[in-house]
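In: sequence? don't have it. structure:
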C-alpha cells in the first residue's frame, strides 16, 4: 500500500494487523482475502482497491514485518552490545511462545515456502536475511569498537549467527523441540560470553 | 517398505532413487505417484502394493534419507574430530551444488513444510534433527576426550551447530545467498578452530 494514494497510514496498519491475525489463525494454506477481511473492520473492497491479490498483500505484509523488526531493534540501541545480541535473539526466538506467537512462527515459515518458486517472495526473504545480518554486524562492530568483544571477523560471525537464528525459528515451527529451546538459548549465551574479551 | 514383505531390498532402493529423481525434478507440489513411477523401471502397481499413498511413500523416503545420512557419516569415523565436523558440514551444505543437489535441497525443504500440520512429518523431522545432533555431539565428545577440543558443553554446542546447519540449508533453498555460502563455510571453519585447545 502506497501512502501517496492518500489512504491514512492507520488503514494500512489496521490491515496489516488483520493479516497477522488471519495468518496466525488459519496459516498460509487456508488464508484468503475473505478471511483477512473478516479480521478487518473496514470493507473488503478497500483491500482489493490497494492489492491485486493475496500474494501482493502478503508481500506488503512481509515488508511491514521488516519495518516492525527494524523499529523493534532500534529501540535497543542504547543497550550494551552483548545485551543487544541477546535482545535480538529473544525477539526472533522467545523462550515461551503463546498460541498467537506459535501460529505466527509457523505462518512466517509457510510464507518462506513460496520462496523457492516465486522470485518476489525469494527477494523478500533475501532482503530480510540481509537486514537481520546488518543488525547483527552492527552489534558485533560496536562491541569490538567498545573493547567488549574480541576482534572477530564481523561478516563471518554475523553470517553464522544469522543461520543459527533462521535454524532455530524453522526447527520450532517444524519439530518438537520445546524441551531443547532452553538449551539453544544457553548455547547462544555461551557463544556471546565467548565473544567477550577475556578479563 | 518392509523387508519382511519378501520384496528384495534392491526394489526399495530403486524406488527410493526414483523418488529422489522425481522430487528433484518436480518438487513436492507437483509430485505424484505417476511421476515417481515414470522414474521407476518396475510397475506402478508395485508402488501401490507397498504404499497406501504419496505421503506414506515420502515418509519412507525420509527414513531412507536418515539411513543414507547415517551410513555416510559412519564412513568418516576414522577421520579426526575436527575433520569429522567439517565433513559433516560439507555433507549438509556443499560449497558447489549441481542442479540435482539444488533441486534436492528445495525438495527437502518442501517436505519440511508438511511438518507444522502433519504429526508423521513433524516426527520425522524431529527424528532427523535428533540424529544430526547425536552425530555432532559424538564428534565433539571424541574431540574433547582426545584433547583436541576445549571442554565445551557438548549438548549446547551441538544444539547451536544443528541450528546453524538447518539455517544454512533453509537459506540456500529460499534466498539468493550464493555469494554468502563461502562466508558461512569460513565462519564454520573459524568456529571449529576456536574449539581447538590453544597450542
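Out: Yep, that arrived. Everything quoted here is computed from the prediction, not taken from an experiment.
In: packing partners for the longest helix anywhere in chain A?
Out: Among the elements of chain A assigned as helix by DSSP state H, the one spanning the most residues is helix A:119-145. Packing contacts for helix A:119-145, counted by 3 or more Cβ pairs under 8 Å, 6 or more residues apart in numbering or on different chains; DSSP states H and E, involve helix A:54-74, helix A:81-92, helix A:99-112, helix A:154-174, helix B:154-174. In this view, the C-beta of every residue, glycine as well, is placed from N, C-alpha and C.
In: Rounded mean pLDDT for that helix, please.
Out: Averaged across helix A:119-145, the pLDDT comes to 95.
In: Specify the angle between that helix and helix A:99-112 in degrees.
Out: If you take axes from the mean of the first three to the mean of the last three Cα atoms, to 10 degrees, helix A:119-145 sits at 120 degrees to helix A:99-112.
In: any idea how far residue A:73 lies from residue A:84?
Out: Per Cβ to Cβ, to the nearest Å, residue A:73 is found 8 Å from residue A:84.
In: coming back round to it: tell me how far the longest helix of chain A lies from the chain's centre.
Out: Taking the mean C-alpha point of helix A:119-145 and that of its whole chain, the gap between them comes to 11 Å (Cα atoms, centre = their mean, to the nearest Å).
In: For that helix, list every residue counted as buried.
Out: Residues of helix A:119-145 classed as buried under the neighbour-count rule (16 or more other Cβ atoms under 10 Å in any protein chain shown) are A:121-122, A:124-126, A:128-129, A:132-133, A:135-140, A:143-144.
In: Give me the below-cutoff pLDDT ranges for chain A.
Out: Low-confidence segments of chain A, defined by pLDDT under 70, span residues A:1-8, A:199.
In: could you redo the last one with a cut-off of 80?
Out: Counting by pLDDT under 80, the low-confidence segments of chain A come to A:1-9, A:29, A:76-77, A:198-199.
In: Let me see the contact set for the residue nearest to residue A:28 when sequence neighbours are not counted.
Out: With Cβ to Cβ, 6 or more residues apart in numbering or on different chains as the measure, residue A:110 is the residue that lies nearest to residue A:28, at 3.6 Å, once sequence neighbours are left out. Counting by Cβ atoms under 8 Å, 6 or more residues apart in numbering or on different chains, residue A:110 touches A:27-29, B:113, B:116.
In: before we move on, what about residue A:128?
Out: A:62, A:65-66, A:69.
In: repeat that for 10 Å
Out: For residue A:128, the contacting residues are A:62-63, A:65-66, A:69, A:108, A:112, A:166, B:175, by Cβ atoms under 10 Å, 6 or more residues apart in numbering or on different chains.
In: Same question for residue A:86.
Out: A:76, A:79-80, A:139, A:185, A:188-189, A:192.
In: ok, back up a step: got the angle between the longest helix of chain A and helix A:54-74?
Out: Regarding helix A:119-145 and helix A:54-74, their directions subtend 10 degrees when assessed with the same axes, to 10 degrees.
In: The closest residue to residue A:69 other than its chain neighbours and residue A:143, how far apart?
Out: Closest residue to residue A:69 apart from its sequence neighbours, by Cβ to Cβ, 6+ apart: residue A:131 at 7.0 Å. To residue A:143, residue A:131 is 19 Å away according to Cβ to Cβ.
In: got it, and residue A:121?
Out: As defined by Cβ to Cβ, residue A:121 lies at a distance of 33 Å from residue A:143.
In: cool, residue A:125 as well?
Out: 27 Å.
In: before we move on, the earlier item: mind checking which of the contacts of residue A:86 are in strands?
Out: Counting by DSSP state E, those place none of their members in strands.
In: can you pick the most crowded of those residues?
Out: Neighbour counts for the contacts of residue A:86 peak at residue A:139, which has 28 neighbours (criterion: other Cβ atoms under 10 Å in any protein chain shown).
In: Check the gap between that residue and residue A:187 for me.
Out: Residue A:139 sits 18 Å away from residue A:187 when distances are taken as Cβ to Cβ.
In: same thing with residue A:68?
Out: To residue A:187, residue A:68 is 27 Å away according to Cβ to Cβ.
In: Tell me which of these two has more neighbours.
Out: Neighbour comparison, residue A:68 and residue A:187: the larger count goes to residue A:187, with 23 against 12 (by other Cβ under 10 Å).
In: In contact with that one, which residues?
Out: When contacts are counted by Cβ under 10 Å, 6+ apart, residue A:187 touches A:164, A:168, A:180, B:152-153, B:155-163.
In: mind redoing it with 6 Å?
Out: B:156, B:159-160 (Cβ atoms under 6 Å, 6 or more residues apart in numbering or on different chains).
In: buried subset of the contacts of residue A:128?
Out: With neighbours counted by 16+ other Cβ under 10 Å, the contacts of residue A:128 contain buried members at A:62, A:65, A:69, A:108, A:112, A:166, B:175.
In: Residue A:156 and residue B:184 touch, don't they?
Out: No: at 7.9 Å, residue A:156 does not count as touching residue B:184 under the criterion of Cβ atoms under 6 Å.
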